[in-house]
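**Student:** Fold the following.
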Amino acid sequence: MPKQIKGNPRRKPPEPARDHAAIDTWLGEIMPAMQPIVTSLDESIRALVPNLNYAVKFHRAFYGLPEQGWIIEIAAYFKSVNVLFLGGADFAPPPPLGNTGRTRYVKVTTVDEGQRAELRAWIKMAGLTRGWC
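**Tutor:** Numbers count the residues shown, from 1 in each chain. This is a model prediction of the structure:
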């Protein structure tokens, strides 16, 4: 039986919304230099994973599915954007960064990096993998 994903016990999962409004607002609040990268990632996630729920919590964007929980989290920083796959340890191969729990991630510093085939494949895998509930 697969191990139950518990997430961080101090953090409660965000409340899901079917509309994208919270993420649209968040996009306008992040560092201007990171906005094109995050916008491109957001578009890819929405194109590759249908029927998403959305939320913003902890100054991060969350993407999830009713059956799998929260599957992707985006954190925008000053010089990079981290794309966290909340079930990424289950991917074959998993994203290269992170070594605790089931979360794995990648750092993206350009729009082109965000469109790499490997990253797009992980986004698709996230839509098929249980995340954080």
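**Student:** alpha carbons only for contacts and neighbour counts from here, please
**Tutor:** Noted.
**Student:** Pro93: how many residues sit nearby?
**Tutor:** Counted with other Cα atoms under 10 Å, residues neighbouring Pro93 total 10.
**Student:** And it, how far from Val56?
**Tutor:** For Pro93, the distance to Val56 (Cα to Cα, to the nearest Å) stands at 28 Å.
**Student:** and what of Asp90?
**Tutor:** When distance is defined by Cα to Cα, Asp90 is 24 Å away from Val56.
**Student:** which of the two has more neighbours?
**Tutor:** Neighbour count, other Cα under 10 Å: between Asp90 and Val56, Val56 has more, with 22 against 18.
**Student:** My reading is that the more buried one is in a helix; is that accurate?
**Tutor:** No - using DSSP: H, G, I helix; E, B strand; the rest coil, the secondary structure at Val56 is strand, not a helix.
**Student:** Return the residues in contact with it.
**Tutor:** Contact analysis of Val56 by Cα atoms under 8 Å, 6 or more residues apart in numbering lists Pro14, Ala22, Ile23, Trp26, Phe62.
**Student:** partner residues bridging it?
**Tutor:** Ala61 (DSSP bridges).
**Student:** Which per-residue confidence value corresponds to it?
**Tutor:** For Val56, the model assigns a pLDDT of 96.
**Student:** number of nearby residues for Asn52?
**Tutor:** Actually, residue 52 is Leu. It isn't Asn. Leu52 has 21 neighbouring residues, counting by other Cα under 10 Å.
**Student:** Give me the residue at the spatial middle of the protein.
**Tutor:** Computing the C-alpha centroid of the chain and ranking residues by Cα atoms, centre = their mean puts Ile72 first, at 2.3 Å.
**Student:** Was I right to think that one contacts Gly64?
**Tutor:** Yes - counting by Cα atoms under 8 Å, Gly64 is a contact partner of Ile72 at 6.7 Å.
**Student:** if I look at the two, which residues touch both of them?
**Tutor:** Common contact partners of Ile72 and Gly64 (Cα under 8 Å, 6+ apart): Gly131.
**Student:** show me where the chain has strands.
**Tutor:** Secondary structure of the chain (DSSP state E): strands at 53-57, 60-65, 69-76, 81-85, 104-108.
**Student:** Which one of the ones you listed lies nearest to Glu118?
**Tutor:** Set against Glu118 and scored by Cα to Cα, the strands of the chain come closest in strand 104-108, at 10.6 Å.
**Student:** Many thanks, I have nothing further to ask.
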